[in-house]
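Engineer: what's the 3D shape of this:
(one chain, ligands or ions: 2)
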Amino acid sequence: MADGSLKPNVLICGVNTYSRALAAFLVPLEGEPLVSHLRIVDKYSVVPATTYLGAEFPKVLAKPQVDYKQANLTVPSIVHSIFDPPEGKGPYDYVFDLTGEVRHDRTEMILINTTCNVARMLGQEAAERKVKAYVRFTLPFYETTSKGTHDEKDDPKPDGTIGIWWHETLRMLAAIEDLNLVILRVGFVYGPYVEFGDITSAITVGSVYGYLKKPMKSVWSPGKNPTNTLHVEDLAGAAWASAQWIARLGRKEADILAGESIIFRNDKSKVSQVEGMPPHDKKLIAPLFNLVDDSNSTLLSVGQTVTSFFGTTFDFFNLGERTMYKFMDDAVEDINEHHVGGWTQMIQSSNPPIPNTPLSAYMDKYALEKHIVAFSNTKIKEVIGYNLKRPQFNHDGIKEIVDKWKEEGSWPIL
Ligand SMILES: *[C@@H]1O[C@H](CO)[C@@H](O)[C@H](O)[C@H]1NC(C)=O
Ligand SMILES: *[C@@H]1O[C@H](CO)[C@@H](O)[C@H](O)[C@H]1NC(C)=O
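Structural biologist: Ligands and ions are numbered 1, 2, ... in the order given. Next up is the predicted model:
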């Protein structure tokens, strides 16, 4: 490995979502870095920032081990070039693939170009360069059943167009034989500086109802509705553990120990239309692990934890109201009117003032839809031996998040 040391050189692709926390885990502000060199690549500029970075990440970027490259990963020659390490550094040992379009209003064509193609090109390049570990994250764009074991043998249904193409991406990567691939299928991720996703949205909206001293109500009936959660620190820790695991074993051995069939979940007619899409009947195996905490979080438990933190309660609309909200498109604006107004009031009343914040109380159609995501986390504990650092979604976790947002000026101080 590089510089005669035993620490690996690492490449993280994508800066949105969770990679900032992963970077801070690999090169902590205090203490020894786990890597010899870390490169982070995405389309955004970081100086000046063209996306939210949070207060901590610029300090990570300033560390001598870290190099940021602004690059368009949809271009094959650029994908090739980012794998060339800086002068004097050895080749990349581990790649963490956090690319992929996370917006639900994107067309199929955009999803294919920016989710499937980017990952496929990265995977092919990583295989050619004999990268020792390639860890791909897949987000909870699935609907699982309330029954079943929820383990990796379950075949959850990809949720919508975004789910179909995120899942197809896994098949494309699994098809690259020499790629030292591990797939981590995460739950709903939350944590400091995570400005994206359902839990962040629930925390922001919950604070508004606390401020308004009104119960926060769900449009869905009380039921199990699992929405399993994961702290971003465990996303980072498990990513690292997974990379070390496959780097020791290689793909063939890892497939034997943890390979799962990545089942075709697309329209057969797409196979001939989409470049690099494996045939529908091709049996594809790759090491796959669910990654969620031990909370068994549900809509109700998340709602109760969040609202009780902000001094209010979680409730459900009655049947009549729920029937009304079946017509979701109209309901979205209706529901938002309340809490968006409240959040604006909170921001405007803050002292010191908040010039801008990445947080919004607006819940889009996806955030208001019902999601059922239940994953068992037994396999990663048993096969990789990963121990969760933040097993429970609780008030301490929410407090840490809100305190850090207050400190950086993203959250109202009233
Ligand atoms: C990236 O490259 C593609 C293909 O050339 C282009 O369509 C797209 O606009 C580029 N994106 C950015 C952010 O420059
Ligand atoms: C997707 O990529 C194809 C092939 O490079 C290109 O022709 C098309 O314009 C792209 N579409 C979008 C929406 O980015």
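Engineer: Can you pull the phi/psi pair for residue 292?
Structural biologist: For residue 292, the backbone dihedrals (degrees, to the nearest 10) come out as phi -140, psi 170.
Engineer: Same question for residue 30.
Structural biologist: Phi and psi for residue 30, reported as degrees, to the nearest 10, are phi -120, psi 140.
Engineer: Tell me how far the residue nearest to residue 155 when sequence neighbours are not counted lies from ligand 2.
Structural biologist: The shortest distance from residue 155 to any non-neighbouring residue, by CB to CB, 6 or more residues apart in numbering, is to residue 263 (5.3 Å). C-beta: built from backbone N, CA, C; applies to glycine. According to CB to the nearest ligand atom, to the nearest Å, residue 263 stands 26 Å off from ligand 2.
Engineer: Around residue 263, count how many other residues there are.
Structural biologist: Close neighbours of residue 263, defined as other CB atoms under 10 Å, add up to 13.
Engineer: For it, give its distance to ligand 1.
Structural biologist: With CB to the nearest ligand atom as the criterion, residue 263 and ligand 1 are 31 Å apart.
Engineer: Test my guess that that residue contacts residue 156.
Structural biologist: No: using CB atoms under 8 Å, residue 263 makes no contact with residue 156, being 9.8 Å away.
Engineer: how about the closest residue to residue 146 other than its chain neighbours, what does it touch?
Structural biologist: Counting by CB to CB, 6+ apart, residue 146 lies nearest to residue 224, which is 5.3 Å off, once chain neighbours are set aside. Residue 224 sits next to 146, 298, 372 when contact means CB atoms under 8 Å, 6 or more residues apart in numbering.
Engineer: Tell me which residue of the chain is furthest from the middle?
Structural biologist: In terms of distance from the mean C-alpha position of the chain, residue 320 ranks first, at 35.3 Å (CA atoms, centre = their mean).
Engineer: rewinding a little: what's the lowest-pLDDT member of the contacts of residue 224?
Structural biologist: For the contacts of residue 224, the model is least confident at residue 146; its pLDDT is 74.
Engineer: separation between that one and ligand 1?
Structural biologist: Distance, residue 146 to ligand 1, by CB to the nearest ligand atom: 40 Å.
Engineer: same deal with residue 197?
Structural biologist: Residue 197 sits 23 Å away from ligand 1, taking CB to the nearest ligand atom as the criterion.
Engineer: Just list the residues touching that residue, thanks.
Structural biologist: So residue 197 contacts 17, 188, 189, 190 (CB under 8 Å, 6+ apart).
Engineer: So out of everything in the stretch 101-250 of the chain, what residue is nearest ligand 1?
Structural biologist: Nearest to ligand 1 in the stretch 101-250 of the chain, going by CB to the nearest ligand atom, is residue 113, at a distance of 7.9 Å.
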